[in-house]
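Enquirer: predicted model and sequence follow; I will ask about them next.
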Amino acid sequence: MDTSTIRSMIEQLRSKRIAMLGKDFLLTWEKSPEEIEATFLVADILRAMREQNISPRAFDSGIAVSNFRDNSTRTRFSFASACDLLGLYVQDLDEGKSQIAHGETVRETANMISFLTEAIGIRDDMYLGEGDRYQREVGKALDDGVAAGVLPSRPTIVNLQSDIDHPTQSMADFLHLAHYFGGLDKLKGKKIAMSWAYSPSYGKPLSVPQGVIGLASRFGMDIVLAHPKGYDLIPEVVEMTKRQAAASGGSFTYTDSMDEAFKVADIVYPKSWAPYDVMLRRVPLLHAGDKDGLKALEKEALANNAKFKDWECTEEKMKLTKGGKALYMHCLPADISGVSCEAGEVAASVFDRYRDDTYREASYKPYIIAAMILLGKFDRPAELLDRLVARTKPRVF
Amino acid sequence: MDTSTIRSMIEQLRSKRIAMLGKDFLLTWEKSPEEIEATFLVADILRAMREQNISPRAFDSGIAVSNFRDNSTRTRFSFASACDLLGLYVQDLDEGKSQIAHGETVRETANMISFLTEAIGIRDDMYLGEGDRYQREVGKALDDGVAAGVLPSRPTIVNLQSDIDHPTQSMADFLHLAHYFGGLDKLKGKKIAMSWAYSPSYGKPLSVPQGVIGLASRFGMDIVLAHPKGYDLIPEVVEMTKRQAAASGGSFTYTDSMDEAFKVADIVYPKSWAPYDVMLRRVPLLHAGDKDGLKALEKEALANNAKFKDWECTEEKMKLTKGGKALYMHCLPADISGVSCEAGEVAASVFDRYRDDTYREASYKPYIIAAMILLGKFDRPAELLDRLVARTKPRVF
Amino acid sequence: MDTSTIRSMIEQLRSKRIAMLGKDFLLTWEKSPEEIEATFLVADILRAMREQNISPRAFDSGIAVSNFRDNSTRTRFSFASACDLLGLYVQDLDEGKSQIAHGETVRETANMISFLTEAIGIRDDMYLGEGDRYQREVGKALDDGVAAGVLPSRPTIVNLQSDIDHPTQSMADFLHLAHYFGGLDKLKGKKIAMSWAYSPSYGKPLSVPQGVIGLASRFGMDIVLAHPKGYDLIPEVVEMTKRQAAASGGSFTYTDSMDEAFKVADIVYPKSWAPYDVMLRRVPLLHAGDKDGLKALEKEALANNAKFKDWECTEEKMKLTKGGKALYMHCLPADISGVSCEAGEVAASVFDRYRDDTYREASYKPYIIAAMILLGKFDRPAELLDRLVARTKPRVF
């Protein structure tokens, strides 16, 4: 890759009709096809610039806030890497250390942390029905702050995982697919199996499978969602996916057989999640801090999981896929049988074979996040990138 | 605002006779009137530069240490924003994580964290009689380190709240007032009511009211301090305020009636604090980790607070102020009746009307902190700012 | 010092035959004499550049990961200062906050945190037999990641203290010695006493004494290791030291008398550590979380320590040294009798006399760390430094 390739990607970007300035990136299905493509393009451009030692630093100073309401290693590092690449300093909003517990409203805090802030990354995935709502509440507070002249500009919110979607993950997943198959247009007609898989833990959010089907349905793919009966996703998200799949010339089907889903699949994404119903029942228990109730729910859920130990991505199941060679995907960390647990989502030999692929899949996330921020903050991203390339400032001197 | 306005502010700054290089910013009353004005000017210049996309980054690298011995959200973000704006990287001195608990002396730690450090922000407001002393002890250790040739330069200490003063808050408050009323000189003769207010919590530091009266008394204002009998501030600070008020052509009076204080006031600052006496008794209990003693003291203090529930900034009280339109101020977060607590410092309708004003008030804090650092580190601040403007490096490329 | 001095140090650096690119800095005895000298030279050059206000910022962006598996203040600040000086943003890998506890392998985490990472600093000194191994495991994972094309470049690992060596400490110690005595070559024939000293705590790692003798034995020094019988270091490290001492034209002897060690010593380094045997027995107890077992071991070890309270660096002992004026060294914090504990490693009057020297000793650490990173990341360090000097970009504008 040389500068001419970068220039040509910038030209493609210039041709996209997008309206992302001042907007947040919360759900992929709120973005137009051209906006999705623009995000992929900017991610690829930023990566290419870094690989060619052209600094993409667009800010000489500026704050990026990270607000993790659930644990994270990889997304934390991806966000920090993305912000640093653009020149932003990450300041963690640690609600334990802060005075938020002392009665501060979301509205007030959102403004207080934003006087010199360009981007805010939020993870809030534990409370079904609340994570996305919290992100929108922060967004509304920022809108009000800008309207009142309190804030000099509108920080862009990047959803680092909500109860509904995990767009930095799904966008990284599909940028990986675009590179793996030789282009986004190559995804049309490909079969992707988004399948539940057994795990000896419970309470994993629904946002990854929802994010995957919500995005896969934009590219004319044949999506098969597989899970044991009762392990439903949020019904509205599934309905929305069906409509999108049809509109993009693809299809969406559900099966309660992992084997069925894997048959001639081009891509398989076996991943555990908690049933919608369990996640719903968990919310009031979490709010009440009801440890006994949570323990009872966990016991019940794990007992139910145990009925489906055969939902494991084994070598046998992989043989069912197209030519036995479907691409295995995972958001990591995976529950690997005999490695991270006794029995889990995937056989060790399968995971080993695709380990580097899953690492490569993850490697797109920092660039996706940087692209989301850049597109939320710059009115003419193609011109900005043009000027950044022309500046020829090396990242490493 | 354009560059000519910035240039004119720089000219005003150049005319000030100041001696702030190598000095800490611990108490506003240790600074001369011209030094106070210079700090306001630099804050306004930095803000204007940022608004016009001129990068005020004066450091290509350098460490700023934040040492929070009490919780903080807004001041933490203000400090980080200020340091990042100037080009400094904030490293938190977390005394929990560090070896300070293992017998390190303040003297040693102060040197160990300062080899490449330009600024140190310290919050230590819980222990009456100790917070300010700790900051001075750190300062003395840094002086010794410089004298011994151990440190290449003297980091500037910024008081992010001590037991005595909260200068980043009060300076932000008064820069807000200067903009609100059209200039610092417009404050002369204005009546400001610094009033205690009811809160269902206890143990709030005295540094905010002390900081407010300590600074208000520099500008010829008519200060009324109001609190129930027994809710005294540090006597020496009140005496100092009286002297300053007289010297600046203003006045200082005390009343035990909130209504009296509010009458024809131009500005009201209703805010809860713990009585001096309670704060004093609390110190040995905190040191001893005496939970029962603290609980008993809290119970006693809350019972006493409860006698003064009518010390609330209501619509009725606001009507007593000049034209019923005094400016309401608060350092945030406020205890808002019916919102953050059942009954508190301020009625919800009053707070709502002034919400944006309080946010604007807070928005000056990052620039005040940046100004304090800049003036502590640069011998010729006007020349530096001149050159930064002439450099025409954009903050956002 | 002026630019010509810097240029001359760069010329010396250019003449060194080194192969440090893409390598980690884990143990000083894995580095050739010229590599050790190159590291000292780069540290001195970076310090001189900063003192002359020439910015050594080599990266416009990039991540440095800090992974502290044990507490730290000074090393944490040294690492942050070093990284910031070079232009890297430090992101802490906090294994408490992260999902590492949820079954992630070291291999996976190492890759996940490294997509845009240039350096990784690791402290892992509590588990004898494991700290160094962990660092190598991370290194191997990074090698694999680069080989698989997952990582764009190999982050350099800097050992911030393992169970075996503490190279950032020992290298800072010896750069201090080189400046104190007027050159590395002046160390030949000097007598250094690395002596155990009494402390009322237990479980201090062996890495400092091992690091000191492991490095001292490169310069033809006469090393005396002194400790009570039973307070052994790792036998292999002692054997290696003997071989190195002989090869460099120096000597290595052991004595169980502190007095004997101090006699006509040029340098004394009295410092407590736990016996090898105790550290070994502690590992399974730590892994098992066996609090009772740990308490019993601590009791036994402290009772044993108490037999050797006379192993204190007193004025009387200092009189035994060469001219009574040996240089006292310590990695800090020291257990100072009557100051940080009742009876400890060093008498207060001795420590007071050498306090500034120990601070100066510590002041080299940020530059040593920056040198290690720079040499691990840049193929032609002399040319890089040449260009950085020629760029004449001020660190402070």
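Expert: Yep, it's here. Note that the structure is a prediction, hence the values are computed from the model and not measured. Numbers count the residues shown, from 1 in each chain, chains lettered A, B, ... in the order given.
Enquirer: quick one: the strands in the stretch 1-150 of chain A?
Expert: A:63-68, A:89-92, A:117-124 (DSSP state E, counting those that start in this stretch).
Enquirer: deepest of these, which one?
Expert: Among the strands of the stretch 1-150 of chain A, strand A:117-124 has the highest mean neighbour count (mean count of other CB atoms under 10 Å in any protein chain shown), at a mean of 26. Using the backbone N, CA and C atoms, a C-beta is placed for each residue, glycine as well.
Enquirer: what average pLDDT does that one get?
Expert: The average of the pLDDT scores along strand A:117-124 is 97.
Enquirer: on that earlier part again, compare the strands of the stretch 1-150 of chain A and give me the one nearest residue A:302.
Expert: strand A:117-124 (24.6 Å; CB to CB).
Enquirer: which neighbours does the closest one have in its sheet, and in what orientation?
Expert: strand A:63-68 (parallel), strand A:156-162 (parallel) (DSSP bridges).
Enquirer: quick one on the thing from earlier: among the strands of the stretch 1-150 of chain A, which comes closest to residue C:123?
Expert: Judged by CB to CB, the one of those that comes nearest to residue C:123 is strand A:89-92, at 20.9 Å.
Enquirer: check what contacts the closest one and list those residues.
Expert: Strand A:89-92 is contacted by residues A:61-68, A:79-80, A:83-84, A:113, B:76-77, B:80-81, B:84, B:89-90, C:89, C:91 when judged by CB atoms under 8 Å, 6 or more residues apart in numbering or on different chains.
Enquirer: what strands line up against it, and which way round?
Expert: When sheet partners are counted by DSSP bridges, strand A:89-92 sits next to strand A:63-68 (parallel).
Enquirer: buried stuff in the longest helix along chain A?
Expert: The longest helix of chain A (DSSP state H) is helix A:33-51. By neighbour count on 16 or more other CB atoms under 10 Å in any protein chain shown, the buried set for helix A:33-51 is A:34-50.
Enquirer: can you give the contact residues for it?
Expert: With CB under 8 Å, 6+ apart as the test, helix A:33-51 has contacts from A:1, A:5-6, A:9-10, A:12-13, A:16-20, A:25, A:28, A:31, A:55-56, A:85, A:171, A:174-175, A:178, A:184, A:215, A:218, A:364, A:367-368, A:370-372, A:374-375, A:381, A:385, A:388-389, A:395, C:116, C:152.
Enquirer: change it to 7 Å
Expert: With CB atoms under 7 Å, 6 or more residues apart in numbering or on different chains as the test, helix A:33-51 has contacts from A:1, A:5-6, A:9-10, A:12-13, A:16-18, A:20, A:28, A:56, A:85, A:171, A:175, A:178, A:184, A:218, A:364, A:367-368, A:370-372, A:374-375, A:381, A:385, A:389, A:395, C:152.
Enquirer: what mean pLDDT does it have?
Expert: 98.
Enquirer: and if you look at stretch A:300-315?
Expert: Mean predicted lDDT for stretch A:300-315 stands at 96.
Enquirer: try stretch A:386-397
Expert: Averaging pLDDT residue by residue across stretch A:386-397 gives 96.
Enquirer: close to chain C, is it?
Expert: Yes - for stretch A:386-397, a contact with chain C is found by CB under 7 Å from any CB of the partner chain, at A:393, A:395-397.
Enquirer: is it possible to mark the buried ones in the residues you listed?
Expert: A:395-397.
Enquirer: how about stretch A:20-33: buried residues?
Expert: Buried residues in stretch A:20-33, counted by 16+ other CB under 10 Å: A:20, A:23-29, A:31.
Enquirer: start and end of it, how far apart?
Expert: 12 Å (CA to CA, to the nearest Å).
Enquirer: cool, stretch A:140-160 as well?
Expert: Stretch A:140-160 stretches 18 Å from its first residue to its last (CA to CA).
Enquirer: ok, stretch A:8-25 next?
Expert: Per CA to CA, stretch A:8-25 runs 25 Å from first to last residue.
Enquirer: and what of stretch A:194-214?
Expert: First-to-last residue span, stretch A:194-214, CA to CA: 11 Å.
Enquirer: in stretch A:179-193, what counts as buried?
Expert: Buried residues in stretch A:179-193 (16+ other CB under 10 Å): A:180, A:184, A:187, A:190-193.
Enquirer: please name the nearest non-neighbouring residue to the residue in the stretch 201-350 of chain A positioned nearest to chain B.
Expert: Closest to chain B within the stretch 201-350 of chain A is residue A:287: 18.3 Å, counting by CB to the nearest CB. Distances taken as CB to CB, 6 or more residues apart in numbering or on different chains place residue A:127 nearest to residue A:287, at 7.8 Å, with adjacent residues excluded.
Enquirer: which ones among the buried residues of stretch A:179-193 are found in strands?
Expert: Residues of the buried residues of stretch A:179-193 located in strands (DSSP state E): A:191-193.
Enquirer: how about those residues in a markdown table, adding pLDDT and distance to residue A:163?
Expert: A markdown table is the format used below for these (pLDDT from 0 to 100; distance: CB to CB, whole Å):
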| residue | pLDDT | distance to residue A:163 |
| --- | --- | --- |
| A:191 | 98 | 28 |
| A:192 | 98 | 23 |
| A:193 | 98 | 24 |
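Enquirer: list the contacts for the residue nearest the centre of chain A?
Expert: When CA atoms, centre = their mean is applied to chain A, the residue found nearest the centroid is residue A:169 (2.5 Å). Taking CB under 7 Å, 6+ apart, we find residue A:169 in contact with A:208, A:211, A:331.
Enquirer: from residue A:236, how far out is residue A:246?
Expert: Residue A:246 is 16 Å from residue A:236, where distance means CB to CB, to the nearest Å.
Enquirer: if you could redo that for residue A:276, that was the one I meant.
Expert: 11 Å.
Enquirer: and the closest residue to chain C within the stretch 151-300 of chain A, which of the three is it?
Expert: Closest contact between the stretch 151-300 of chain A and chain C, by CB to the nearest CB, is at residue A:201 (8.0 Å). On the three-state scheme (DSSP: H, G, I helix; E, B strand; the rest coil), residue A:201 is labelled coil.
Enquirer: residues near it, how many?
Expert: For residue A:201, the neighbour count with other CB atoms under 10 Å in any protein chain shown is 16.
Enquirer: can you check residue A:357 too?
Expert: The tally of other residues near residue A:357 (other CB under 10 Å) stands at 17.
Enquirer: that one: what secondary structure?
Expert: Following three-state DSSP, the label given to residue A:357 is helix.
Enquirer: how close does it get to residue C:11?
Expert: For residue A:357, the distance to residue C:11 - CB to CB - is 48 Å.
Enquirer: next one: residue A:189
Expert: According to CB to CB, residue A:189 and residue C:11 sit 64 Å apart.
Enquirer: cool, and residue A:172?
Expert: 47 Å.
Enquirer: more neighbours: these two, which one.
Expert: Applying other CB under 10 Å to residue A:172 and residue C:11 shows that residue A:172 carries more neighbours, namely 24 against 12.
Enquirer: per-residue pLDDT, the more buried one?
Expert: pLDDT recorded at residue A:172 is 98.
Enquirer: where's it relative to residue A:182, distance?
Expert: Taken as CB to CB, the span from residue A:172 to residue A:182 is 18 Å.
Enquirer: and if you look at residue A:174?
Expert: 14 Å.
Enquirer: please apply the same query to residue A:303.
Expert: Taken as CB to CB, the span from residue A:303 to residue A:182 is 45 Å.
Enquirer: ok, residue A:135 next?
Expert: Going from residue A:135 to residue A:182 by CB to CB gives 34 Å.
Enquirer: ok, residue A:74 next?
Expert: Distance of residue A:74 to residue A:182, computed by CB to CB: 26 Å.
Enquirer: same deal with residue A:368?
Expert: 19 Å.
Enquirer: flag every buried residue along stretch A:239-253.
Expert: Applying 16+ other CB under 10 Å to stretch A:239-253 flags A:240-242, A:244-245, A:248, A:250-252 as buried.
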